[in-house]
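Peer 1: Next one to model:
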Amino acid sequence: MAGTLSRRVSLLLAVAALLILVLLYANGRRPAARVSVVSATRGSVSSEIASNGKVEPVMRYSLRARFDGFVDRVTATEGQSVRDGQPLLTMDDKDIRAQLDQARAELASQANDLRDAQGGGRSDNAARVVDELRSAQIQHDMLQRQQETLTKLLAQKAATPDEVARNQAALDRASAALDQALKAKQEFNRQATQDRERLALLVARSHGQVNDLEAKLASARVVAPVNGTLFSLPVHARDFVHTGDLLADVADLRQVRVRAYVDEPELGKLQPNEAVDVTWDALPDRTWVGHTENVPRQVVARGARNVGEVLCTVSNEHLELIPNTTVDVRIKVSVHANALIVPRGAVQIVGAHRYVYRVEGDRLRRSEIKLGISDAADFEVLSGLQPGTFVALPGNVPLKDNLVVRPVYPDPE
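Peer 2: From the prediction side, this is the model:
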């Protein structure tokens, strides 16, 4: 009985040992990990600055009210294409016309007074002053000659002292009258000079007022200043507007400007005339191309960001980009054609070192590489890798040197 039990135990131990050997063998034959791989290829890579910006017209024509008043009639629609000189709206100009009629009448009266002043004063006043001076001069000269004659006759005792005295008194009065007439003439001349200067200023001011009112009257008919798009029309018929209020905005939108807001740390990469791609969430399948115009000379605060404002000229032939919309901007600061590139996911970064895992047969080999520029998808490889070399992409299995793998190659195109 004891012998039978011993044999059974030995048999069970043998079976267990055999199972252990089978499991160990099966474990040693575990399938290699499947790893996706890609080839290092030649292609174009660009280093980009990604930011946002706002669309602006390159040349904007803002039409503003020249006087306070009501909008009489609107003949255009916001967003439509307009021609140079095409009517957009009209203002009620009755008050301006009345002011202009009054200003023209005042100007005519002042101009007439100025002509009189330039001719020596009003003709009736000038004639009166001249006549009074001439009469005083004649009277004085006549009495002066009589006094000389009487003085001679008195010496010959042909005239009396009383006659000489009476004539002298009359001569003195005539001299006083002559002096007064001379002073009146001088005062008249002085006043005429002052009137000419005053009236000349009044006429010049009235001319300016008339010109201003004529310009306001002309501005009551608002027309497009250029061929372009009426992209803003904030007023309606019977709206009351004040002087300076915006009536319409017109611009040629076939080429627009994007004001891109680039964060301060990236400003050092910028150069003029770099390629720009613009996208807009409202039209996600469209991309507009352009170039940078300038390099910012100052940094400004924009919310929580410190940014430089980069002006970009962008082609908009189909007039799809609308002023004041917010867009995404990618500035290509460097573009390398025919560069050796690998996907960003294939590169591992450890401190200052950059690695990829090359595929050699069924094993991975870690290789250090040197990188150049990069974009959102790829790195440029400057050294450490040959074109056509397959490198591993990260997946479910951690990549390591000498790892046995089953490479999964990309489908041929």
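Peer 1: Tell me the strands beside the helix or strand containing V45, with direction?
Peer 2: If you go by DSSP states H and E, V45 is part of strand 41-57. Using DSSP bridges, strand 41-57 pairs in its sheet with strand 255-263 (antiparallel), strand 326-343 (antiparallel).
Peer 1: low pLDDT regions in the stretch 101-250 of the chain?
Peer 2: For the stretch 101-250 of the chain, the stretches with pLDDT under 70 are 119-127, 129-130, 187-189, 192-195.
Peer 1: Spell out the residue ranges of the helices in it.
Peer 2: 123-155, 161-219 (DSSP state H, counting those that start in this stretch).
Peer 1: Of all those, which one is nearest R286?
Peer 2: Closest of the helices of the stretch 101-250 of the chain to R286 is helix 161-219, at 38.6 Å (criterion: CB to CB). Any C-beta I mention is one placed from the backbone N, CA and C, and that applies to glycine too.
Peer 1: The closest one versus helix 123-155: what angle between them?
Peer 2: Our comparison of helix 161-219 with helix 123-155, counting by axes from the mean of the first three to the mean of the last three CA atoms, to 10 degrees, yields an angle of 170 degrees.
Peer 1: Summarise which helices and strands helix 161-219 is packed against.
Peer 2: Where contact means 3 or more CB pairs under 8 Å, 6 or more residues apart in numbering; DSSP states H and E, helix 161-219 is packed against helix 94-118, helix 123-155.
Peer 1: residues of the shortest one that come out buried?
Peer 2: Going by neighbour count (16 or more other CB atoms under 10 Å), the buried part of helix 94-118 is 96, 99-100, 103, 106-107, 110, 113-114, 116-117.
Peer 1: Dump the strands paired with strand 41-57 to a markdown table, plus mean pLDDT, distance to P57 and mean neighbour count.
Peer 2: Below are the strands paired with strand 41-57 laid out as a markdown table (pLDDT from 0 to 100; distance: least, CB to CB, whole Å; neighbours: other CB atoms under 10 Å):
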| stretch | mean pLDDT | distance to P57 | mean neighbour count |
| --- | --- | --- | --- |
| strand 255-263 | 94 | 6 | 21 |
| strand 326-343 | 91 | 14 | 18 |
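Peer 1: any chance of those in JSON lines, plus distance to V314?
Peer 2: Converted to JSON lines, the strands paired with strand 41-57 look like this (distance: least, CB to CB, whole Å):
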{"stretch": "strand 255-263", "distance to V314": "5"}
{"stretch": "strand 326-343", "distance to V314": "9"}
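Peer 1: Out of these, which is closest to C312?
Peer 2: Among these, strand 255-263 comes nearest to C312, with 4.5 Å by CB to CB.
Peer 1: now the closest one, how far from the centre of its chain.
Peer 2: Relative to its chain's centre, strand 255-263 lies at 11 Å (CA atoms, centre = their mean, to the nearest Å).
Peer 1: So what touches it?
Peer 2: The contact list for strand 255-263 (CB atoms under 8 Å, 6 or more residues apart in numbering) reads 49, 51-58, 270, 276, 278, 290, 293, 296, 302, 305-316, 321, 323, 327, 329, 331.
Peer 1: For those, which ChimeraX command selects only the ones that are buried?
Peer 2: A single ChimeraX command suffices to select whichever of those are buried according to 16+ other CB under 10 Å:
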select :49,51,53,54,55,57,58,270,276,278,290,296,307,308,309,310,311,312,313,314,316,321,323,327,329,331
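Peer 1: All set now, cheers.
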